[in-house]
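K.L.:
When you get a sec, could you give me coordinates for this:
(3 chains)
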Amino acid sequence: MDKSMKDAVQKIVIKHGVGKEFLLPILKEVQKLNKYHYIPQDVSQYMAKYMGIHESEVYEVISFYAEFSEVPRGENVIKVCDSTVCKVNDNEELIGLLEDVLGIGMGETSENKKFSLEFSPCFGACDIAPAIRINGEVFGNLNKERLEEILQYYKEGPHEKNS
Amino acid sequence: MKRIVSFITENFEKEVLESFEISSGLLRASNMTEDEIIEEISLSGLKGRGGAAYPTGKKLAQSAVFKSDVKYLICNADEGEPGTFKDRDLLKYDALGVFEGMVISALAVRATDGILYLREEYSFLIDELENILSQMRSKKILGHNILDTGLNFDISIFSGAGAYICGEGTSLIESIEGKPGRPRNKPPYTKEQGLFMKPTLLNNVETYAAINAIMKNGYEEFIKYGTEKSPGTKLISLCGNVNSPGTYEIPFGVTLKEIIEKIGNGVKNERNVKFVQIGGISGPLILGKNLDIPFTYEDFDKIDVSMGSGAILVVDDQTDILDFLDAVQAFFKHESCGKCTPCREGNRQLLNVLARMRKGIETESDIVNIERIAKTMKYASFCGLGQTAPTALLSAIKNCPEEIFRRGEQHA
Amino acid sequence: MRNIKLTIDNQVVVVPEGTTILEAAKKVNIKIPTLCHHPDQKIKANCRICLVETGDDNLDTACSTFVREGMKVNTKSKLVRETQLGVLELILANHDQDCLKCVRNGHCELQDLCEKFSISRDDIEIIPPHDIVIDSKAMDLLNPAIVRDYSKCIKCNRCVEVCREVQDASILAGAFRSTDYTVQPAYGKTLSQTLCTYCGQCAVVCPVGAIYEKSEIQQVWDAIDNPNLHVVVQVAPAVRISIGEEFGFKPGTAVTGKTVSALRRLGFDQVFDTNFTADLTIIEEGYELIDRISNHKTLPMITSCSPGWINYMEGFFPEVIDHVSTCKSPQQMFGTLSKTYYSKTRGIHPSKIYSVSIMPCTAKKFEAKRDEMMTNGIPDVDAVLTTRELAKLIKTAGIDFANLKDEEFDNPFGITTGAAAIFGATGGVMEAALRTVYEVLTDKELPEINFYDVRGMEGIKESSVKIGDLEVKIAVAHGLSNARKLMEQVKDGKSPYHFIEIMSCLGGCIGGGGQPICTEKCIKDQRISGIYYMDQNMPIRKSHENPYIQKLYEDFLVEPNSHVAHELLHTHYSARHL
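P.N.:
Okay, the predicted model is just below:
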C-alpha cells in the first residue's frame, strides 16, 4: 500500500470523522479509490487502524453489505436483477444476451477486467423490468438492440457514471 | 405518471424548484400545538405505509412522550421490497413533500435530527435531494427555530449499502451506527432508545408524504377517500405482467381486478392472471379467480392477507409457481442477515426441497417438511424478514396445493 | 421494584418487574430449553429454541421477553413443541453430526437438547430428509492452542461477545450474511494469522464442539509409553480446585491428593506441583519489584504469569513491554528446572526428560511452543494438557477418580505454600507477592497476611500497602478489557501504581480457557472460595518460607535475580504484528 493511498484514506476518514458511525460512508468512498470496485485487505486494515476500530468490526460491515466487495471486480459492474418481478418479465433472455455479448457468465469478470456480471436482488426498477444496473445507473425495458447500444457505450472507455 | 387521485401525489408533475414554496401544511402545523398536530393525524386514520400499518397518530403520540436533547426522526427510504418502487417516485417527484412531512412530524414530537435513510440503489437521487434540502435551509424551514416554532431541526441523508434487512427499523439503526444491519432485541424500544440509544421515530417515506398532504388539506379531505376502516388514499406499485406498470395513487376500496384492468390496462398479451402477490416478495399470493377483493385493510384481513407496502405484482399463467417460489426463497436466502436459526437455516432447506420439487424428485418427507420448515420460520424467526419469508410459499400451499405437490412430474 | 403476577402453564408466578419468562419459569420448576442463552452474557435470542406461547398463535423467546402483568405463558403447547422441534431440526440440518467423534460428546448443549426432544432418525418428519451436506469453512488447526471446527458452529455468538467485550481482542467477526454467515476472523484468516491471545474463553462459552483446545493427549500417552523417556508432570494451582467437577465433586472442592494419585496411576514417573515454581516466581518477581522500586527503574511493574495476557500485551500494547516483569510463568520456570536442575540432580539427560504440564489454560499451550521457551532446540515444557484433557485421560484410563486415596506430590518440587495456592484466583499473585516483598523489605513479620482488597470478582481492584516508608500502590485486573483500562494509563505515562497484576481471564486461572465447561460466574465464585480455603489451611503461607525454595537457591540458583536465575527463569517480549 503506497503513501498516496494512505493519504487518500486518511483524507476520507478526516472528512467524515473517526467514529464507527461513519464506517459506511467512509467505506463507500474508500471503495471508490479503486477502479475495480473493491476494498483491498491492506486498505481496510490500514483504515481500521487509523480509525482505532478492530479489523473484525470493519470486516463484518464489508462482508455484510452488498455494495462492498473484498475482491476485485470489473471496471464496469453490471448487476442483473434476478428477483421475482424481473423473473416474470423474462430476464433470462436478457441474461443470455449479456453473457453472449460480453463472453462471460454470470458471476464472472472479463479477462480485460472491463466487465463483471453479477446477479442482484431487486433494485426498485420493477416498473421497467427486466432491468440492469451498470455502475449504479439503471437501464430498463431492455431488448436486444437497446442492450447492445448500452454495452457499446461502456465498452468504449472507462465510465464512472453515478457510481 | 398516471394517477387516479392526487391527494398525496399532487406535485408529481410540477417542476420542483420552480414551484418551490413552503407548503401550506407546514405553515399550518407551525401554528398548532404538538397535541393538535397529533390529533389531526390521528383523526385522518393514517396507518404506517411501510407495511406494518400501525396507526401513525398513535405512533407520534407515543414518541412525543420521550423528551430528549437529541431525538432522531428517521425517514425509512430503504425500499428494498421487490415489486415496490413508490417511495422512489415520491422522492423523485415530490421529495419536498416528504421532507415537509418530516418537519411537521418533528414539530409534533420535538425531534432534533432528521435522517433520510436512502437505499444504496437510489443513490442517483442524492444530488437532487441535497439540492432540495439546501433550498429548505435557505427558506428557513430547516435549521434553527423553524417558522418561529422554537424547533431546531435539520435533515441529513444516510446512504445504505445494499441490504434488504435494513428496511427493518432496528437493523436500519444498526446500519447508521456503522454495524452490520442485524435486528436488535426489544426492549429497549426504538421510540425510547433507538439510534445511538436516543429516542427515535421512524416512518416510511409515504407516511411522511401523507402527513404533509393531510396537514395541507385537512384530515376531513383525506377521509373523503377510501372506506370507513381504510380511510384515504394509498400509493401502489403495480408491476409484473401488466401493460402499464407504475406508481399510482388510489383511493382505498378499488378492487384488485379494477386495478389490473383499469389502471394497469390489463395483462400483457391478453393472458390470464395466474396470481397476484400483494405487498412485495414477503406477501401472500391471491389467485386470479379471487381478484374481486377490494383493496382495503379490512377486506385483506378477512383472507389473512397483509397489504404490506402496497406492491401489486401481477403474474400471468405462463409462470410456473414452483419457479416463482424458488425465486422468492432465493431472494430471502440472499437477504437474510444470518442472525437467527429459522431464517438462516430455513431458507437454505426450503431451497433444497424446492429444487427437488422442481425436478420432480421430492420425497414423502419433503412434502411433509416443506410446510413444517415454512411454519417454523413464520413462528420462530427473530424479525419480520424471517417471519414473512415463507408467506408466499405458505399461501401457495394453502390456495393451490395441486400446483405445488406434483410429485414425479418432470417440470422446470 | 414492582411485582408482576402472571401464569406459566397455569401456575401463578409473582416476580419482580424486569424478570424474563425464562427466569420466572425456573421459579415454578419449569426448565425452558435454551441454547444461545448464557447466564453471564447479554440476551441474544438468536437460536430461537426457547420459544413459548404468550398469546393466541403468538410465540416469544423466553430468554428475551420480560414478564407482563396478567400474562399467560404456555411452555408446552402443541405450537410450542412443534416450533421448538422445527428450530432444533433446522440447527441439526447444517450441523456435523459426528457426535461420537466430537470433543464435546457428553458435554454438549445441542446434544442435550436432542435427547430432550427425542430426536430420532426413524422419523419421517425430520429436516433434512436427505444425507446432510455441511456447508461450512474448513477447520482451523494451524495454531498450538485452539481448534475451530466450523462445521459444528451454531452461530450463537457467545464466543464473539466474550472475545469482543470481555477480552477486548475482537478477533472474531460475524462475517457475511444468511447461509454464509460465519463466525470467523476478518478475511477468513486462521487464528494464527491474527492477534488472538489464545485465552480460550471462546472455547469455554461454546455450547457445542466448534471451539476447543488442540489436544496433546496422544503425545502424552506416547511419552508415557516410551521406555526411554522419563516423564514428569506438573499441576497448576487452579486445576486441583476445578477438576473434581468432572467427577461429580462440588465446584470449589480441592482434590489435590486424588489428582496426584491419578497422575501416578496414569504412569507419570514423577508428579510435581506447579505451586513450587509459583513460589519461585514470587521470589524472582518480588526481588525484581524491589529492584525496580529501589533503583528507580520502570514502574509500574506488571505481572507476567498469564500467557493470554502476555499475548494480548504483545499484540495490543507493545508500548508497555518494559513494564512487564521479565519472570517466566510458573509453568515455564518449572519446565526449565525440570531440564536443568532436576536433570542434573537425577543424572538424566535433558533430552530424555519429557515435561508435561496440566493447566487450566489454552494459552499455556501456545506459551510452551514459543521460541523463547526452548533450550538448545528442546522445549522446556513438552506438552500441555488442559484440566479438561486431564479429566479425559483419567476417564480413558478407567481410573475411579472419586474413590482414589489422597497422595502427596514428589519432591523436590512438591512442598508448597498458601501463597502459591492463591495464584489460581484473581489477586492471588499480587497477594502472594506482597506477603514476600513486605517481609523482605522490612525484615518484619506481616501484621495481616490476608489482603482482602485484592480478592474477589470486581474487574479492577485497587489498594495501597505501607511497606516501611513507602506507600506501594497496587492494582489488579482480570479479563482483558479490564486490563486495557489500566494499560491505557501505563501507555500514557499516567499510571499511579507501582505494581499491577493482570490475569487474562475473569476470575483468574480458575476461570481459564482450559477449565471444565460451565465456567459460569457462580461456579467461579465457588472455585475462588475453595482456593482461599486451601491457603488458610496451609502450614506455610509465604513463598520465601518454603524450605525447598531456599534449598534451590542454595544448591543451584545462588540468589534471587542472580545471573543463573536470569538465564533460566527470565525471558523477554516482543511486539506481535500482523
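K.L.:
now the nearest residue in space to B:Pro180 that is not next to it in sequence: how far from B:Thr388?
P.N.:
Counting by CB to CB, 6 or more residues apart in numbering or on different chains, A:Phe64 is the residue found nearest to B:Pro180 once chain neighbours are left out, at 3.7 Å. Using the backbone N, CA and C atoms, a C-beta is placed for each residue, glycine as well. Here A:Phe64 is placed at a distance of 21 Å from B:Thr388 (CB to CB, to the nearest Å).
K.L.:
low pLDDT regions in the chain?
P.N.:
This is for chain A. A:157-163 (pLDDT under 70).
K.L.:
actually chain C
P.N.:
Across chain C, the stretches falling below the confidence threshold (pLDDT under 70) are C:122-131.
K.L.:
how does it divide into domains?
P.N.:
The record assigns chain C these domain ranges, following automatic domain parsing: C:3-93, C:139-214, C:218-569.
K.L.:
Same question for chain B.
P.N.:
Listed by automatic domain parsing, the domain ranges of chain B are B:16-222, B:233-316, B:321-411.
K.L.:
Just give me the neighbour total for C:Ala565.
P.N.:
For C:Ala565, the tally of surrounding residues (other CB atoms under 10 Å in any protein chain shown) stands at 22.
K.L.:
Now the helix or strand hosting B:Asn369: buried residues?
P.N.:
Assigned by DSSP states H and E, B:Asn369 belongs to helix B:364-380. By neighbour count, and taking 16 or more other CB atoms under 10 Å in any protein chain shown as the criterion, the buried residues in helix B:364-380 are B:365-380.
K.L.:
do stretch C:70-84 as well
P.N.:
Buried residues in stretch C:70-84, counted by 16+ other CB under 10 Å: C:71, C:73-75, C:79-80, C:83-84.
K.L.:
which one of the domains of chain B lies closest to C:Ile217?
P.N.:
Closest to C:Ile217 of the domains of chain B, according to CB to CB: domain B:321-411, at 33.0 Å.
K.L.:
is chain A contacted by the closest one?
P.N.:
Yes. Counting by CB under 8 Å from any CB of the partner chain, contacts between domain B:321-411 and chain A involve B:323-324, B:327-328, B:330-331, B:334-335, B:337.
K.L.:
closest point of chain B to chain C, which residue?
P.N.:
When you check chain B against chain C by CB to the nearest CB, the closest residue turns out to be B:Gly338, at 2.6 Å.
K.L.:
quick one: contacts for that residue?
P.N.:
Residues near B:Gly338 by CB atoms under 8 Å, 6 or more residues apart in numbering or on different chains: B:182, B:344, C:155, C:174, C:176-181.
K.L.:
Likewise for C:Ser504?
P.N.:
Under the criterion of CB under 8 Å, 6+ apart, the contact list for C:Ser504 reads C:167, C:197, C:199, C:306-309, C:312, C:363, C:478-480, C:483, C:512.
K.L.:
what comes up buried for the helix or strand bottoming out on mean pLDDT in chain B?
P.N.:
Across the helices and strands of chain B, mean pLDDT, DSSP states H and E gives its lowest value to helix B:401-404, namely a mean of 90. Neighbour-count burial for helix B:401-404, counted by 16+ other CB under 10 Å, picks out B:403-404.
K.L.:
same thing with stretch C:365-375?
P.N.:
Applying a neighbour-count criterion of 16+ other CB under 10 Å, the buried positions in stretch C:365-375 are C:365-368, C:370, C:373.
K.L.:
rewinding a little: what does the helix holding B:Asn369 contact?
P.N.:
Residues outside helix B:364-380 that contact it (CB under 8 Å, 6+ apart): B:340-343, B:346-347, B:349-350, B:353-354, B:356-357, B:386-391, B:393-394, B:397, B:405, B:407, C:48, C:51, C:59, C:79, C:82-83, C:86-87, C:90, C:124-129.
K.L.:
Return the member of the buried residues of stretch C:365-375 nearest to chain A.
P.N.:
In terms of CB to the nearest CB, no member of the buried residues of stretch C:365-375 lies closer to chain A than C:Phe366, at 19.7 Å.
K.L.:
How far does stretch C:292-306 sit from its chain's centre?
P.N.:
25 Å (CA atoms, centre = their mean, to the nearest Å).
K.L.:
Just give me the neighbour total for C:Leu299.
P.N.:
For C:Leu299, the neighbour count with other CB under 10 Å is 17.
K.L.:
Spell out the secondary structure type for it.
P.N.:
Counting by DSSP: H, G, I helix; E, B strand; the rest coil, the backbone at C:Leu299 sits in coil.
K.L.:
Let me have the residues of domain B:321-411 next to chain A in TSV, extended by pLDDT and neighbour count.
P.N.:
Written out in TSV, the entries for the residues of domain B:321-411 next to chain A read as follows (pLDDT from 0 to 100; neighbours: other CB atoms under 10 Å in any protein chain shown):
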residue	pLDDT	neighbour count
B:Asp323	95	16
B:Phe324	97	23
B:Ala327	96	22
B:Val328	97	28
B:Ala330	97	20
B:Phe331	97	23
B:His334	96	19
B:Glu335	97	26
B:Cys337	97	28
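K.L.:
Out of the residues you listed, which sit inside helices?
P.N.:
Using DSSP state H to define helices, the subset of those located there is B:323-324, B:327-328, B:330-331, B:334-335.
K.L.:
B:Pro284: which of the residues you listed is nearest?
P.N.:
Among those, B:Val328 lies closest to B:Pro284 (CB to CB), at 11.0 Å.
K.L.:
mind listing the strands for the stretch 101-250 of chain B?
P.N.:
Along the stretch 101-250 of chain B, the stretches classed as strands by DSSP state E, counting those that start in this stretch are B:113-118, B:154-159, B:200-204, B:233-240, B:246-251.
K.L.:
Redo those as JSON lines? Include mean pLDDT and mean neighbour count.
P.N.:
JSON lines is the format used below for the strands of the stretch 101-250 of chain B (pLDDT from 0 to 100; neighbours: other CB under 10 Å):
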{"stretch": "strand B:113-118", "mean pLDDT": "98", "mean neighbour count": "23"}
{"stretch": "strand B:154-159", "mean pLDDT": "98", "mean neighbour count": "17"}
{"stretch": "strand B:200-204", "mean pLDDT": "98", "mean neighbour count": "26"}
{"stretch": "strand B:233-240", "mean pLDDT": "96", "mean neighbour count": "27"}
{"stretch": "strand B:246-251", "mean pLDDT": "96", "mean neighbour count": "23"}
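K.L.:
Adding distance to chain C, write these out as a markdown table.
P.N.:
Below are the strands of the stretch 101-250 of chain B laid out as a markdown table (distance: least, CB to the nearest CB, whole Å):
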| stretch | distance to chain C |
| --- | --- |
| strand B:113-118 | 18 |
| strand B:154-159 | 19 |
| strand B:200-204 | 20 |
| strand B:233-240 | 25 |
| strand B:246-251 | 30 |
